[in-house]
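**Q** Below: sequence and its predicted model.
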Amino acid sequence: MEFLWNGIKEAFNLWIHGDSEIIEITLRTLAISFVATVLALALGVPIGAVLALKRFPGRAPLVALVNTGMGMPPVVVGLVVAVFLWRSGPLGGLNLIYTPTAMVAAQLLIAVPLVIGISLAAIQAINPRLLDQIVALGANRIQFLWLIIREARLGLLAALMAGFGAVISEVGAAIMVGGNIAGETRVLTTATVLEAGRGNFEVAIALGVMLLVMAYLVNLVFTGVQQQRRPT
Amino acid sequence: MGALVGPDAARTSHRASDTADADTADANTADAIAKVAAKITVRDLLVVRNGQTALEIPVLDIPAGRVTAIIGPNGAGKSTLLAVLQLLLRPRRGDLRLDGAPMWGDALATRRRLASVFQEALLLNTSVRKNVETALGLRGVARRERRPRAERWLARFGVAHLARRHAHDLSGGEAQRVSLARAFAMEPEVLLLDEPFGGLDAPTRVALIDDFADVVHDARVTTVLVTHDRDEALRLADGLAVLVDGRLRQFGPPRTVFAAPADEEVAALVGVENVWPAQLCDVTDGVATYAVGSHRLQVAPAGQASAPPSRALFCLRPEEVTIQAPSTVLPGKHSARNRLPATVVAVEPVGPVVRLRLTIASEHRAGAAAEKLIATVTRPSLETLELEPGSRVIATFKATAAHVIPRAAGDTG
C-alpha cells in the first residue's frame, strides 16, 4: 500500500513542480487522443447514420463487422497498422512508423467501430415517425442529417466518450506503432508501462493517476454537455 | 377540376333531409364544394404493400380552402393515403398534382408547401419556440421574422407561455397545440393531419378541436384530416371521404354521407345502426313503401333522380327514432309516417344520451323473426317514459329520416 501512497504523492510533486517531460507527455497524449477521436467521429457518425437509416443488401454483415470491431483487441489493430507501415510494408514509403501519425492511425481504427456502433444505436433509437416529421417539415438531406444528429446527441456524446476513452487508455497499439520514443511518441500509457518495467512504481503510479484524472476531467466536460438538456 | 365525388359515390342512393331547409343547405354545400377548384388532384393511384393492394383510388380531388376529412375503419388505408399526399410514400402508380403541377416533380419544393401534424406530437428535442423557429428556418424564413411569427402562432393556440419550456416536458394536449402552431406558422398551402386529436383525453380534445376549428376556418387553408371519429369529421369537415379496404366508397358533404351512406359498410361507419333488408312494394307521390319483415315502412327519397331500388337495405339512424308510450295519441297531421310497436330489450347509457335496444313486434305472424331496432333517447325522456327492459313502446320516425340503398344481388338477407 505504501507504493500506492507514494505514487499519489509523486503525482502531486510532478504536478506541483511542473515537470517538463511529464507536461510534454501529457500534452502529446491529449493531442493524439483528440485528433484520433475527432477523426473517428467525422468518419464514424455518418457511417453509423447511413447504417441506421438505410436498408441495402449486405447491411447486416456490415453491422456484424462493426460490432466485431467494437471488441477488437488493440494489439491486433497495432499489429495490422505496424505491418502496413513497416519499412518493407505496403505503406512503408510514407515513413510513418514510430511517429505520432502512426499512433493516430492505429487509435482511429480502434475508435471508429465504437463510434459507428454507438451512433448506429443512437440514431436507430429515434422515433421513426419523428424522421417522417422532419422530412415533412421540408428538410433537405443536409438539414435532415443535422437535425438527426441533434436529436441523437445524447447517444452521439456517448460515442464520443467511448471513442476518447478507448484511445486515451490504449497501450498495445501505441507501443507497436509508436515505439515509445522519448520526446516523440511517448504517451502516458506507454510511459507508465516503461516505468513499471523499470521498477519505478511510484512514477508509474503517478503517471497512471494523471491519466485517470485527465480522462475524468475530459469526460466531465463531455458529460456536462451531454446532460445539458434545458434549452436557453 | 371541380368534381368532388369519387367514382363509387355515384351509385344509387336515396334519402331526404329532415327538413326542406336542411335539404337546401345540404345541396348548397355540395354545390359550393363541387364548384371549388381542386388544390390537389389524385388520378389512378395504386399503393401496393407486401404484394397486396393497400390503396386504389382512380379519382380524388381535394378542394382548395376546404377541410376534407377522411374516415374509415382500421386498415382502410387512411394514413397510407395521407402518407402519399405528404410525399412520404411513393405509390406504385398514380398522378398526384398540386395546383396542376406534379407533386413528385420537385418533392422538396412540394413538401415545403405542405405541413403535417401526426397523432403523436413529434417535436424536436429543444424548446417549444425553437421547434417552431427551426421549422421556419428549414423553409428559408428570414431569421428576424422567425421569432415573431413563432410567438404569434403559439399565442393563437394558447401556448405562448410555454415558449421557453422544453418540448419534451409538455402534456399531450400542450404538445399537440405546439405541433399545430408549428404547422400553421409555416403558412402552408395544404395542411395534412393524421388523427391529430386521437391521442388526447376527452376534455383536452374538445378544447383543442374548438380552437383548431376557429383557426382553420379563419385561415381557409386546404386541409386533409384523417380521423376515425365521425363527430370530429362532422364538426370540422366541409367534405367527407370514406375509405374502406383501400378504396374510396363515398365522397361528399358530411351531412349527405351521414344521412345517405352509399353502402352498408359506409352506413356502419357513419353510425347508421338500423339496417334492414327490404323489398319495394309501391311508390306513390314520391313516397316509397317497403316491406321490412312483416311491416310496411315508408321512405321519401325526395330529390333523387333515380328510381328507388326494389331490393334494398332500409337504413335509419338511431337518433331519428322517437320513442313514445303505447297510449300516446298522435295528432292527425303528424309527420311521422312510420309507427312500430316495440319492446325494450336493454337500456345502455352512452355519454349524455341513452341507447335503447328494442325488438319490433311482428304485425301479422305470431312468432315471426323480430327485427332489432336501436334508438337513442335523452335521460329526461327515459325517466318520463319510465323505460326499462320489457317496456312496451311505440317507435316512430319520419319517412324523410330513412334512407334506402340497393342490396347486392348475392345478399339474401
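**A** That came through, no problem. Numbers count the residues shown, from 1 in each chain, chains lettered A, B, ... in the order given.

**Q** Pretty sure residue B:374 sits in a strand.
**A** Yes. According to DSSP: H, G, I helix; E, B strand; the rest coil, residue B:374 belongs to a strand.

**Q** what's near enough to touch residue B:89?
**A** B:47, B:80, B:83 (C-beta atoms under 8 Å, 6 or more residues apart in numbering or on different chains). To be clear about C-beta, it is placed using only N, CA and C from the backbone, and glycine gets the same treatment.

**Q** filter those residues to the buried ones?
**A** B:47, B:80, B:83 (16 or more other C-beta atoms under 10 Å in any protein chain shown).

**Q** rewinding a little: including secondary structure, distance to residue B:286 and pLDDT, could the contacts of residue B:89 go into JSON lines?
**A** Below are the contacts of residue B:89 laid out as JSON lines (DSSP: H, G, I helix; E, B strand; the rest coil; distance: C-beta to C-beta, whole Å; pLDDT from 0 to 100):
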{"residue": "B:47", "secondary structure": "strand", "distance to residue B:286": "43", "pLDDT": "97"}
{"residue": "B:80", "secondary structure": "helix", "distance to residue B:286": "42", "pLDDT": "95"}
{"residue": "B:83", "secondary structure": "helix", "distance to residue B:286": "45", "pLDDT": "96"}
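
**Q** Within reach of chain A, which of those are there?
**A** residue B:83 (C-beta under 8 Å from any C-beta of the partner chain).

**Q** Between the contacts of residue B:89, which sits nearest chain A?
**A** residue B:83 (7.9 Å; C-beta to the nearest C-beta).

**Q** From the buried ones among the contacts of residue B:89, pick the one nearest residue A:69.
**A** residue B:83 (36.6 Å; C-beta to C-beta).

**Q** where does the closest one sit relative to residue A:136, distance-wise?
**A** 10 Å (C-beta to C-beta, to the nearest Å).

**Q** Residue B:261 too?
**A** For residue B:261 relative to residue A:136 (C-beta to C-beta), the value is 32 Å.

**Q** next one: residue B:259
**A** 35 Å.

**Q** Beta-bridge partners for residue B:313, please?
**A** residue B:277, residue B:405 (DSSP bridges).

**Q** Of the buried ones among the contacts of residue B:89, which is the nearest to residue B:152?
**A** The closest of these, once distances to residue B:152 are taken by C-beta to C-beta, is residue B:83, at 29.8 Å.

**Q** what's the nearest residue to the closest one if we skip its chain neighbours?
**A** Nearest residue to residue B:83, sequence neighbours excluded (C-beta to C-beta, 6 or more residues apart in numbering or on different chains): residue B:89, at 4.0 Å.

**Q** Would you mind identifying the next helix or strand past the longest helix anywhere in chain B?
**A** Counting residues, the longest helix found in chain B (DSSP state H) is helix B:202-219. Downstream of helix B:202-219, the next assigned helix or strand under DSSP states H and E is strand B:222-226.

**Q** Kindly export that next one (C-alpha atoms) in CSV.
**A** C-alpha atoms of strand B:222-226 as CSV (Å, rounded to 0.1, in the frame of the first residue of the first chain):
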residue,chain,number,x,y,z
THR,B,222,-56.8,23.5,-47.7
THR,B,223,-56.8,20.8,-45.1
VAL,B,224,-56.9,17.0,-45.2
LEU,B,225,-57.9,15.5,-41.9
VAL,B,226,-57.6,11.7,-41.3
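
**Q** Can you give the strand pairings for that strand, parallel or anti for each?
**A** Paired strands of strand B:222-226, defined by DSSP bridges, are strand B:67-71 (parallel), strand B:190-194 (parallel).

**Q** Residue A:170 is nearest to which of those?
**A** strand B:190-194 (49.3 Å).

**Q** on that earlier part again, so the residue nearest to residue B:83 lies in a helix, does it not?
**A** No. Under three-state DSSP, residue B:89 sits outside any helix and is assigned coil.

**Q** So which bits of the stretch 151-300 of chain B are right by chain A?
**A** B:164, B:166, B:186, B:192.

**Q** Who are the contact partners of the third one?
**A** Read that as residue B:186. With C-beta under 8 Å, 6+ apart, residue B:186 has these contacts: A:137-138, B:115, B:135-136, B:139.

**Q** Would you list the phi and psi of the residue in the stretch 251-400 of chain B that chain A sits nearest to?
**A** Using C-beta to the nearest C-beta, the single residue of the stretch 251-400 of chain B nearest to chain A is residue B:251, 24.4 Å away. Residue B:251 adopts backbone torsions of phi -150, psi 120, taken as degrees, to the nearest 10.

**Q** Same check on residue A:97?
**A** Torsion angles, degrees, to the nearest 10, at residue A:97: phi -60, psi 140.

**Q** neighbours of the nearest residue to it once chain neighbours are set aside, just the number please.
**A** Nearest residue to residue A:97, sequence neighbours excluded (C-beta to C-beta, 6+ apart): residue A:85, at 4.3 Å. Neighbour count for residue A:85, taken as other C-beta atoms under 10 Å in any protein chain shown: 24.

**Q** measure residue A:85 to chain B for me?
**A** 42 Å (C-beta to the nearest C-beta, to the nearest Å).
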